[in-house]
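K.L.:
Have a look at this prediction, sequence included:
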Number of protein chains: 2
Amino acid sequence: MYSNRQNQWVMAKNKMSVSEKTCTLKEVLDIIGGKWAMPIIYILSKGKMRFKEIERSIEGINTRMLVKELKNMEANGIITREVFATVPPTVEYTLTPKGEKLLPSIVSLHTWGQEFTA
Amino acid sequence: MYSNRQNQWVMAKNKMSVSEKTCTLKEVLDIIGGKWAMPIIYILSKGKMRFKEIERSIEGINTRMLVKELKNMEANGIITREVFATVPPTVEYTLTPKGEKLLPSIVSLHTWGQEFTA
DNA sequence: CAGAATCCAACCGGATACTG
DNA sequence: CAGTATCCGGTTGGATTCTG
C-alpha cells in the first residue's frame, strides 16, 4: 500500500523500528484522516441525521465531498445508512458502535482546540 | 474563512445550530488534520529527534512533506526546533507542552485502530 | 430530498535532484 | 545531515445540471 522508497544515506537493515507502531495510526488516518470524516462523526454523535441536515451542519462541505465521505465511512463500518421510500426520499445516517468508539478521541481534539485556539 | 454557499432548498434562518460546535474541531484539523501531523506527534512522544530520524521513522513520508509539516507545527506551537552548528548540521525537534496535550487523543485513535483494523 | 454526473481551477502530495 | 527546488499527477473543491 505504501511506496517503499529508501533514502540514500542509510541502508537500514532494521529500519522498521518505530514504524510498526505508527502504522496502525496511519491505517486509522486512512479511514478518518480525511478533511471531513471527524466533523461528520462529531455531528452524528447527537443521533441519526438526514443527508441535508449533515450538509447544512458542516460549514464549508459540499454535496460531492459529503457523499464521498459518507460512502467511505459506511464501507469502513463507522456509520450506517438507512433509506426510507418516502416522497421526497429520506436517508438517515447513524454512527455504529465502532464509530461511536471514535468519539472520545474526537471530543478530546475538540477540547484541545477550545483550550488552545482561543 | 469558509465559503458561504447556501443550498437552494432551505432558507435556513437559524442554520448555524451545530456548526459552531464543530468549528473548533475544524480549526484543530486545520492544524493537525494533515496527513502526517499526527504520526509525527506520535513519533516525537518518545522524546526529541533529528530530522532524518523522523523521516526514517515515518514510513511513506518524503522530505518535502516532512519539512512542510514540521514548519507548520512549529508555527502552531506544537513542536520546537533547535539548530546545532555542527558538521554535518544537527536539528532537533521536540514536542511542546501544548503538543504533548494532543497525545491522549492520538494514542486513543491508535488504540481504536488496534482494536478494529486487525 | 438525496444523490449522480460533469467540467474545471487550485492546491496538495510524491519522486527526485541538488545545495550548504 | 538538513533542507531547497522542480516537475507532475491526483485529489479537492466549487458551480452547475439532472434524476428518481
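P.N.:
Nice, thanks for sending it over. Numbers count the residues shown, from 1 in each chain, chains lettered A, B, ... in the order given.
K.L.:
Let me know the pLDDT of the closest residue in space to A:Pro89 that isn't next to it in sequence.
P.N.:
Leaving aside its sequence neighbours, A:Pro89 sits nearest to A:Val83 (CB to CB, 6 or more residues apart in numbering or on different chains; 7.1 Å). Every C-beta, even on glycine, is put in place using the N, C-alpha and C of the backbone. pLDDT recorded at A:Val83 is 95.
K.L.:
Where does A:Tyr93 sit: helix, strand or coil?
P.N.:
Taken by DSSP: H, G, I helix; E, B strand; the rest coil, the conformation at A:Tyr93 corresponds to strand.
K.L.:
do stretch A:90-103 and DNA strand D meet?
P.N.:
No: residues of stretch A:90-103 are not located near DNA strand D by CB under 7 Å from any atom of the strand, the shortest gap being 9.3 Å.
K.L.:
actually stretch A:38-47, not the one I typed
P.N.:
No: Stretch A:38-47 does not reach DNA strand D (CB under 7 Å from any atom of the strand); its nearest approach is 11.0 Å.
K.L.:
Pull out the CA atoms of that stretch and give them to me as CSV.
P.N.:
Once non-C-alpha atoms are left out, stretch A:38-47 reads as follows in CSV (Å, rounded to 0.1, in the frame of the first residue of the first chain):
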residue,chain,number,x,y,z
MET,A,38,-14.2,13.7,12.0
PRO,A,39,-16.6,16.6,11.7
ILE,A,40,-19.2,14.2,10.4
ILE,A,41,-18.6,11.8,13.2
TYR,A,42,-18.8,14.6,15.7
ILE,A,43,-22.1,15.8,14.2
LEU,A,44,-23.6,12.4,14.2
SER,A,45,-22.8,11.9,17.9
LYS,A,46,-26.1,13.7,18.6
GLY,A,47,-28.0,10.9,16.9
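K.L.:
Just the buried residues of it, please?
P.N.:
A:Met38, A:Pro39, A:Ile40, A:Ile41, A:Tyr42, A:Ile43, A:Leu44 (16 or more other CB atoms under 10 Å in any protein chain shown).
K.L.:
My read is that the residue nearest to A:Pro89 contacts A:Tyr93, right?
P.N.:
No: between A:Val83 and A:Tyr93 no contact is recorded; they are 10.5 Å apart, counting by CB atoms under 8 Å.
K.L.:
Neighbour count for the two, which is higher?
P.N.:
Using other CB atoms under 10 Å in any protein chain shown as the criterion, A:Val83 and A:Tyr93 rank with A:Tyr93 on top: 22 against 9.
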